[in-house]
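Chemist: structure of the sequence below:
(chains A and B)
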There are 2 protein chains.
Amino acid sequence: MSGKERLYLFDTTLRDGAQTRGVDFSVEDKRTIALALDRLGVDYVEGGWPGANPTDTAFFGSAPNLKRATFTAFGMTRRPGRSADNDPGLAALLDTSAGAICIVGKTWDFQVDVALEIPRSENIDIIADSIGHLRARGREAMLDAEHFFDGYKANPDYALECLRAAHGAGAHWVVLCDTNGGTLPHEVERITATVAERIPGIRLGIHAHNDTDNAVANSLAAIRAGARQVQGTLNGLGERCGNANLVSLIGTLCLKRDFADRFETGITADALSHLTQVSRLLDEVLNRNPNRHAPYVGQAAFAHKGGLHVSAVLKNPATYEHVPPEAVGNERQVLVSDQAGKSNILARLRDVGVELEPKDPRIDRLLDEVKEREYLGYSYDGADASFELMARRVLGQVPDYFFVDSFKVLVERRYNARRELVTVSEAIVRVQVDGQRLLSVGEGNGPVNALDAALRQDLGKYQRYIDDLELVDFKVRILQLGGGQVPDGNVSVDRWQAGTGAVTRVLIESADGAGNRWSTVGVSPNIVDASFQALTDAIVFKLYRDGAPAGTGPAE
Amino acid sequence: MSGKERLYLFDTTLRDGAQTRGVDFSVEDKRTIALALDRLGVDYVEGGWPGANPTDTAFFGSAPNLKRATFTAFGMTRRPGRSADNDPGLAALLDTSAGAICIVGKTWDFQVDVALEIPRSENIDIIADSIGHLRARGREAMLDAEHFFDGYKANPDYALECLRAAHGAGAHWVVLCDTNGGTLPHEVERITATVAERIPGIRLGIHAHNDTDNAVANSLAAIRAGARQVQGTLNGLGERCGNANLVSLIGTLCLKRDFADRFETGITADALSHLTQVSRLLDEVLNRNPNRHAPYVGQAAFAHKGGLHVSAVLKNPATYEHVPPEAVGNERQVLVSDQAGKSNILARLRDVGVELEPKDPRIDRLLDEVKEREYLGYSYDGADASFELMARRVLGQVPDYFFVDSFKVLVERRYNARRELVTVSEAIVRVQVDGQRLLSVGEGNGPVNALDAALRQDLGKYQRYIDDLELVDFKVRILQLGGGQVPDGNVSVDRWQAGTGAVTRVLIESADGAGNRWSTVGVSPNIVDASFQALTDAIVFKLYRDGAPAGTGPAE
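Modeler: Got it, this is the predicted structure:
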């Protein structure tokens, strides 16, 4: 036993984070993120609100197989005028296999009066009944105490009475929510300490929003005052100004002595070293550029500029770094030769199953290749298959399979014979397999679609390997020259380049009949060209993994 | 007299913020921002480090004419082994007309030993001499106590001795810097209170960085513990994870009772109502997209979604808003596609200069059109010009200018005569202007680029209107069917559809020679088609705004 107190991490990316405007997780996205959170070592993964929308209902219908995290459903306390037994919302929650259920209840008298329009005592009954009902059905039950801090400031006695009702009914957790996000850290600390003192034995959680830029500080303040569950989202996703950023919180809770010496979370040192990766994964799913300046995990979080700092940093990193970047899977960025690059690339290679000795001279060639490609705009964070192929190509492990001699894509918009405006896309691809020239044609509802159809129409002896290949996702990102992508910020770019001439990065996710999934990347000023690279990488990766035989060289 | 204590705001956007990688202010940029900060009511505007680089030297050479803020220069304490009188750095600072001078000195014994490599007592002398020298020349003198919190934790006596030296030499301010950004709010509060207690009469400032996501909280904690000057940058600009966000701090200091009742800043209520504008101005200068989720000033900071919330918000905004958005010059956002649609669309129309009576029957048609288009994947959040065109088309205000009969785009990848792999893109566009058929061709480094070149090659009598038109940004987003974009999440889509067949939304930003900028949107399963819509909207918007004459109808 470590003698430390256990502190529980509760992730609500898939519920509160999903309510952000512009965020549209598919069931598959939710599964990907839930599994990543489980691997990270979060205690609770709140998957959504079953019954509230088709995606969440479907996601809970085929719950992800989590190894250690408790899969959690969100919902509401019973409606006024219904018994808990007859409440369809509670029934929908209990219909799921979720191990824990978190229900939102009101604790601000003003909200009870104005929004619910019921007697205040009835609201107390609603909370107690609903929690009791979940307990009676054997679930771990949590009350999400909506607007708690505003409620406490307006009417402390009533707010406490609501919490007591939940606690008395057996709630495993009572989560203090700063729903509007306007409470400041010193208030959170004072109020949380008071609750802990007034309701002995209550297990408190904290749910903070970032409307004053204090969501992380509010969470830490609550923990210092007695909360033992902390809720947040990856990268602080969430409506308005976002939720407490769980990534920042994990960094501090695991690495800062005042917290790490006192509390134990479910995050191991090894899992912590994947924190940056988990953070970037969410951005990949959302097709967003990661925040370069994010605490702990941002690309610039440990960037040191030339001059004074650099030699001191290299002498002793503790001089200018508050934590070691590798602890969270991030890296030091020093403009002079990057010492951390080598161990980092070894770790990334191990992740994709390529084991190399640290002294292997090929690592330097690999490092040069990665740097060169990242300079051009490639990013392997969300494209493991392309990363593995690139590495194995440098190592001479990927045979030649087929050769594409040329392709041609035509997009045409015109009036057809019935005077309807139509846009058609066609592609022609010339491929060689074992010296044999194959000509394929495909059509689709866009140029990339058509190109993909043509490319996979006839691959000769490789056709049987790709018959079950499917494209399941396709993402496009425009990389602006003159931004952080180009090392010298003073590069003068023609304004055209900054517009439609910018570099395009395409990420493609593929799947096969056996349930494997892999991601590939392509970069080019030309979106069709970038897509073509990612499409061919997707095919080559499948051929390599399935052990397809090499082809003979191209005919002259 | 208000009886409140005066709290001073110190902006370092132009000094510490300017050190961010990728940020490159011109002298003119610095002047623009300094004047905006002065109008806002900040007390100190730190302009840079005169003598350190040509821009800063030039900026201090023609100092902006600030009405109330003190223009401040940053520099270093004298070098070891020099007298203050003979130190070129101090001389360069005193050569400027800056009313206040802030010099950085070391307070961490470890840094004195390892980085300076001088006896610790000599460092104390350096601090005292340098501050005394500035005082003797009649300047307001501040010590920027580098690494103070790390220094205090390592050796509190020495760290305090450094501060005492500055205070004893007459420093107007001693600013406690969390240089590495790793100190947590409870530590900042405790240490700042100790300093205030141990060195009576010292005037303390706080300079925090955001490496643990606590820069704003650290600043507030220091103020609560006795600091009366707070340093920060607009939008939290700064290297690594940024500085304390002065915009968030101003919101809280001016609007939250625990601070606003106790402290007085130089920010009037009227100036505060321009806070959002000042924040956006910095992004404009940096050519960045504003952070939608920024506390107080982000576009989404007061966004309310449909359903439960909206009616409650409209009944009583205090229910769901921690401060009134108009106090900081921001606005409430209620989504169009819900109950609040009508008043919302009127507000959006007013924003783009279209005034309609609330009872105008055309509003319902407009609302239907917006809903229909948002259902198809259009988003007008970032496309004001397309929104205005759509509205004015429904209102019959946009004449026909030109007609596109057809276009054709070809992308070809092949080996050229020198056996190099090349990808070429060409486009042909057939347009009618006043019944005259025009055939244009263009090439580019991608299909959209080529189409744009062709479209703008010859527009007959409209050509002179678009000669100065430029594309300055181009964004692509793939909208997945089956996600939140389609009301029924159960729509069974062919997996193809979920891949390269998904719907594409293209946003284009255009500019003209007069400095106007406008954004347009296009949506289609075909990326070329979507781009074509956005490109033509960009042209039509310019023709409309510049009052180009209508064309005659198309020839049969």
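Chemist: make it CA atoms for all contacts and neighbour counts henceforth
Modeler: OK.
Chemist: residues contacting the spatially most central residue of chain A?
Modeler: What sits nearest the mean C-alpha location of chain A, by C-alpha atoms, centre = their mean, is A:Leu282, with 1.8 Å. Listed by C-alpha atoms under 8 Å, 6 or more residues apart in numbering or on different chains, the contact set of A:Leu282 reads A:33, A:234-235.
Chemist: how far off centre is stretch A:425-445?
Modeler: Computed by C-alpha atoms, centre = their mean, to the nearest Å, the chain-centroid distance of stretch A:425-445 equals 37 Å.
Chemist: quick check: mean pLDDT of that stretch?
Modeler: The average pLDDT for stretch A:425-445 rounds to 93.
Chemist: residues contacting that stretch, please?
Modeler: A:401-412, A:423-424, A:446-447, A:449-455, A:457-461, A:551-555, B:501, B:525-526.
Chemist: residues of the stretch 201-350 of chain A that sit close to chain B?
Modeler: Residues of the stretch 201-350 of chain A lying near chain B by C-alpha under 8 Å from any C-alpha of the partner chain: A:210-214, A:216-217, A:239-242, A:248, A:251-252, A:292-296, A:298, A:300-304, A:312, A:319-323.
Chemist: mind giving me the PyMOL select for the residues you listed, buried ones only?
Modeler: Written as a PyMOL command, the selection of buried residues from those, which uses 16 or more other C-alpha atoms under 10 Å in any protein chain shown, is:
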select buried, chain A and resi 210+211+212+213+214+216+217+239+240+241+242+248+251+252+293+294+295+296+298+300+301+302+303+304+312+319+320+321+322+323
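Chemist: strands - which of the residues of the stretch 201-350 of chain A next to chain B land there?
Modeler: A:303-304 (DSSP state E).
Chemist: picking that back up, tell me which element the residue nearest to the centre of chain A is part of?
Modeler: helix A:275-286 (DSSP states H and E).
Chemist: residue farthest from the centroid of chain A?
Modeler: Checked over chain A using C-alpha atoms, centre = their mean: the farthest-from-centre residue is A:Ala417, at 48.1 Å.
Chemist: give me phi/psi at that residue?
Modeler: phi -60, psi -30 (degrees, to the nearest 10).
Chemist: give me the buried positions along the lengthiest helix in chain A.
Modeler: For chain A, the longest helix by residue count, based on DSSP state H, is helix A:527-545. Going by neighbour count (16+ other C-alpha under 10 Å), the buried part of helix A:527-545 is A:527-544.
Chemist: any part of it near chain B?
Modeler: Yes - judged by C-alpha under 8 Å from any C-alpha, helix A:527-545 and chain B are in contact via A:527-529.
Chemist: and that helix, average pLDDT?
Modeler: Rounded mean pLDDT across helix A:527-545 is 95.
Chemist: that older thread, of the contacts of stretch A:425-445, buried ones?
Modeler: Buried among these by 16+ other C-alpha under 10 Å: A:401-412, A:423-424, A:446-447, A:449-455, A:457-460, A:551, A:554, B:501, B:525-526.
Chemist: who are the contact partners of A:Thr12?
Modeler: So A:Thr12 contacts A:45-47, A:231-233 (C-alpha under 8 Å, 6+ apart).
Chemist: how about those residues in JSON lines, adding neighbour count?
Modeler: Formatted as JSON lines, those follow (neighbours: other C-alpha atoms under 10 Å in any protein chain shown):
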{"residue": "A:Val45", "neighbour count": "28"}
{"residue": "A:Glu46", "neighbour count": "25"}
{"residue": "A:Gly47", "neighbour count": "28"}
{"residue": "A:Gln231", "neighbour count": "27"}
{"residue": "A:Gly232", "neighbour count": "31"}
{"residue": "A:Thr233", "neighbour count": "24"}
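Chemist: just the ones in strands from those, please.
Modeler: Reading strands off those with DSSP E, I get A:45-47, A:231-232.
Chemist: what's the closest of those residues to chain B?
Modeler: A:Gly232 (13.3 Å; C-alpha to the nearest C-alpha).
Chemist: from what I can see that closest one touches A:Ala244, true?
Modeler: Yes - with contact defined as C-alpha atoms under 8 Å, A:Gly232 counts as touching A:Ala244 (4.7 Å).
Chemist: can you add pLDDT and give the ones in strands among the contacts of A:Thr12 back as TSV?
Modeler: Formatted as TSV, those follow (pLDDT from 0 to 100):
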residue	pLDDT
A:Val45	98
A:Glu46	98
A:Gly47	97
A:Gln231	98
A:Gly232	98
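Chemist: how about the strands in the stretch 1-150 of chain A?
Modeler: A:5-6, A:8-11, A:44-48, A:70-76, A:100-106, A:140-146 (DSSP state E, counting those that start in this stretch).
Chemist: tell me the mean pLDDT for the second one?
Modeler: Taken as a whole, strand A:8-11 has an average pLDDT of 98.
Chemist: and what of the fifth one?
Modeler: Mean pLDDT, taken over the full extent of strand A:100-106, equals 97.
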